[in-house]
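S.K.: got a predicted model here, sequence first, then my questions.
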2 protein chains.
Amino acid sequence: MANGGKRQIRFGIFLQGGGGHWREPDVRADGAVSIEAYQEYARIGEAGKFDFGFIADSAYITKDSTIPFLSRLEPMTALAAVSAVTKRLGLVGTFTTSYSEPFTTARQLASLDIISDGRAGWNAVTSALEGVARNHGHDKLHDHALRYRIAAEYIEVVKGLWNSWEDDAFPRDKETGEYVDLDKLHTLNHVGEFFKVQGPLNLERSKQGHPVIFQAGASETGRDLAARYADAVFSSFEESGNLAKAQAQYKDIKDRAVAYGRNPDELLLFPSIQPIVAATHEEANRLYEEGNRFIDPAYAVKYLSRYFSFFDFSQFPLDEPLPELGDIGKDSFRSTAEYYLRIAKEENLTLRQLALRATNPRGDFVGTPEFVADKIARFFEERAVDGFILGGSHANLRNFVDQVVPLLQARGLFRTEYESDTLRGNLGISFPENRYALERRQAVVQ
Amino acid sequence: MANGGKRQIRFGIFLQGGGGHWREPDVRADGAVSIEAYQEYARIGEAGKFDFGFIADSAYITKDSTIPFLSRLEPMTALAAVSAVTKRLGLVGTFTTSYSEPFTTARQLASLDIISDGRAGWNAVTSALEGVARNHGHDKLHDHALRYRIAAEYIEVVKGLWNSWEDDAFPRDKETGEYVDLDKLHTLNHVGEFFKVQGPLNLERSKQGHPVIFQAGASETGRDLAARYADAVFSSFEESGNLAKAQAQYKDIKDRAVAYGRNPDELLLFPSIQPIVAATHEEANRLYEEGNRFIDPAYAVKYLSRYFSFFDFSQFPLDEPLPELGDIGKDSFRSTAEYYLRIAKEENLTLRQLALRATNPRGDFVGTPEFVADKIARFFEERAVDGFILGGSHANLRNFVDQVVPLLQARGLFRTEYESDTLRGNLGISFPENRYALERRQAVVQ
């Protein structure tokens, strides 16, 4: 670990979007489909020595979908295009385990990992929208539990394929003519409950072994999956301003890792926040309020409904507290939906208030650079997070890099230079030894 | 059409590989997995004003696979990374219709098309290797006819999804706040024999409407599929040196397009060749022979076997003519396999000779720049081709650009500047009007 062994905070940055609301004067109106806008986020992240860029995803829209979802770049192609203009930033994309071929996912991620020379990451999700199923030959969404059983086997297959070649399988010795050592090629021959995949993968391992695995489901089953397979957990915005809740979430994830016999330092927790910094609190608040100026309440209500299988909230009056709604989000984005139902009840929110909270989350990381740096440091030092994934406009994130990062560096909490040229290396996660090489080494020892 | 309406030749360039045999002193030994090597091919092609770069593909290997196939980049990720360092070169990748989700293929290709601002192309193939099936949950390869029935429906679905948004669906007017016109969003609702895909696609159309479609199967069913759906046909090397055969193939493809009610100028034929130019014929021949110096005969025999479902040719003596082998390639790369069996018989080739012909095809485009330019011009003018896809080392292709391209330009047969910034525009293929916009326009006229 760098800085004399002192635990270091990590940062990710959301890459997608135009860099602010599309109607803002200095934002590209077509930013949702502009690779230049994505690449600009990546440059901001790399200038800030951030660990990775992150792309969330979903593959289903209707006429009720909101603007950021109607038309946007697909993550694999976007990350590959970002890789060409960056050198150190990790590249983490969201790819479903529910409606795709594990061989193809393993192969594309491995290829991104080679192209970026060891900077790829996979945020494995199970897809919570019924329409995604209907885009892929199914009539109905698999229920939550089934999706997670499929996900576990899917990840096993992908990791298995990433072990097809041992790390030193390609000597490529021009003198001797030895290109490959075929004894270091292994065929998976997976036959499971959901998948049958022979292998091997036609791609060698990268400098970081294989892509880093993220997991984003915050439900009980989601956290369990993370503890078994993931290197990092992306948790969404809503709980991240609450220190006690974040600490509980952190302890839960780390305890689960330990229960699976893992080192808890090898499973990192990253809530997302949208920091806004300015010279004064008032100015920062003004910047936040300005971000609401283009948000139409009807749009905000549609945005909210996405977390509830497109439940029709518009049946309720905009400016009255919401009624009791039962478990309407249980087979969709379960934990997010539960959060919104809970705060609506606890804070007696009107539909308008709740919808704006969903569409433009304010959170508690809004203020002067010192205030935001203090808050980040406290969450980190009090073991509520291992880092944050930062969202917001290009302008707000540039301000964060220029004004908050130096304060964290001065405290020795954040790197001044990348420690490694791989994502895994920068995150401080162990190299995943090839399983066949490991078995052979262990056989020799015994 | 440019140059006063004179028909123009087109060029593609193979992007994959290290830029020559891995043991050559000036070639990267790890070129098969080096995005820099791919990007260098792309730069050579763009310097030559070529229409497109092309990536062939296959997703199955065994210990008997040959070096170029053991470990190589996946096409979608590679093309996206190439897009970031090019401005005009089309980007054509090979993606199977047999073992993937049409929604994902449609989406990734559309995303590549947006990222490259209208330069994407799809070489639709059906996968001829049994192991590919076993990597994707199947025990056996679908037979040839079934693969092509699936392919036809698959392409219909993909093209259908590419019509989800009309071209002017996104006004993104900052003044009025009108981001999208939802009347221009259309849901596919495809239910067919093999696929059930609801849609719509969550990505708008690109500057060229949608990606250009290539097709590479040269069998009867393959050519029929091309005539129905493709904008261009990639035909492999073996027949391309024979003018009469190329003319027959050309006429066949164009006639088939006409039979489907299409304009034959909108279905372009591109055989692949490996040109080698030098100051004299002797020097060019020497360069070709030099290309054989690192080829091990055992390796060449393995390479050959790939076209025959890994048929074991090593059971035959290396230096005796091959015996009668029946139809051993019929469910694999059918037309290529038939070609090799035919020339083995016609030319009474030994196994060694046939294997070298497969591994390092010489062809007839080897000689002085004038000789090669003459030959290309003759094939083009005598309606045997619309262009060529060029393979070979970085050095040989740089020589082609520097020495042959100017001769073709001087004859007015090849552009001196790109006519368009889209692949479709440079190929001279019509913009594919959105099918719903077309229907509405036709309804108004009637």
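M.R.: Perfect, thanks for sending it.

S.K.: the residue nearest to residue A:291 when sequence neighbours are not counted: what's it in contact with?
M.R.: Spatial nearest neighbour of residue A:291, excluding adjacent residues (C-beta to C-beta, 6 or more residues apart in numbering or on different chains): residue A:360 at 5.5 Å. Using the backbone N, CA and C atoms, a C-beta is placed for each residue, glycine as well. Residues counted as contacts of residue A:360 (C-beta atoms under 8 Å, 6 or more residues apart in numbering or on different chains) are A:288, A:291, A:292, A:295, A:300.

S.K.: who wins for most neighbours among those residues?
M.R.: Counting neighbours by other C-beta atoms under 10 Å in any protein chain shown, residue A:300 leads the contacts of residue A:360 with 24 neighbours.

S.K.: wait, that one touches residue A:361, no?
M.R.: No - between residue A:300 and residue A:361 no contact is recorded; they are 11.5 Å apart, counting by C-beta atoms under 8 Å.

S.K.: so for chain A, the centremost residue is which one?
M.R.: residue A:234 (4.8 Å; C-alpha atoms, centre = their mean).

S.K.: wait, isn't residue A:373 in contact with residue A:400?
M.R.: No - when contacts are counted by C-beta under 8 Å, residue A:373 is not listed as touching residue A:400 (9.6 Å).

S.K.: on that earlier part again, average pLDDT across whichever strand or helix holds the residue nearest to the centre of chain A?
M.R.: Under the criterion of DSSP states H and E, residue A:234 resides in strand A:232-235. For strand A:232-235, mean pLDDT is 92.

S.K.: who in the stretch 301-446 of chain A is up against chain B?
M.R.: Neighbours of chain B within the stretch 301-446 of chain A, by C-beta under 8 Å from any C-beta of the partner chain: none found.

S.K.: is chain B contacted by the lowest-mean-pLDDT helix or strand in chain A?
M.R.: Least confident helix or strand of chain A, by mean pLDDT, DSSP states H and E, is helix A:130-134 with a mean of 81. Yes - on the criterion C-beta under 8 Å from any C-beta, helix A:130-134 is in touch with chain B at A:131, A:134.

S.K.: now that helix, how far from the chain's geometric center?
M.R.: Remark: helix A:130-134 is offset 22 Å from the chain centroid, using C-alpha atoms, centre = their mean, to the nearest Å.

S.K.: for it, buried residues please.
M.R.: Of the residues in helix A:130-134, A:130, A:131, A:132, A:133, A:134 count as buried by neighbour count, 16 or more other C-beta atoms under 10 Å in any protein chain shown.

S.K.: and what of stretch A:425-442?
M.R.: A:425, A:426, A:427, A:428, A:429, A:432, A:434, A:436, A:437.

S.K.: is the last one in a helix, a strand, or coil?
M.R.: Pointing back at residue A:437 there. Under DSSP: H, G, I helix; E, B strand; the rest coil, the three-state class of residue A:437 is helix.

S.K.: so how far is chain B from residue A:73?
M.R.: Applying C-beta to the nearest C-beta, to the nearest Å, the value for residue A:73 to chain B is 5 Å.

S.K.: same question, residue A:158
M.R.: Distance from residue A:158 to chain B, by C-beta to the nearest C-beta: 12 Å.

S.K.: SS state for that residue?
M.R.: Going by three-state DSSP: residue A:158 is helix.

S.K.: which residues does the residue lying closest to it once chain neighbours are set aside contact?
M.R.: Leaving aside its chain neighbours, residue A:158 sits nearest to residue A:106 (4.3 Å; criterion: C-beta to C-beta, 6+ apart). By C-beta under 8 Å, 6+ apart, the contact set of residue A:106 is A:157, A:158, A:161, A:162, A:201.
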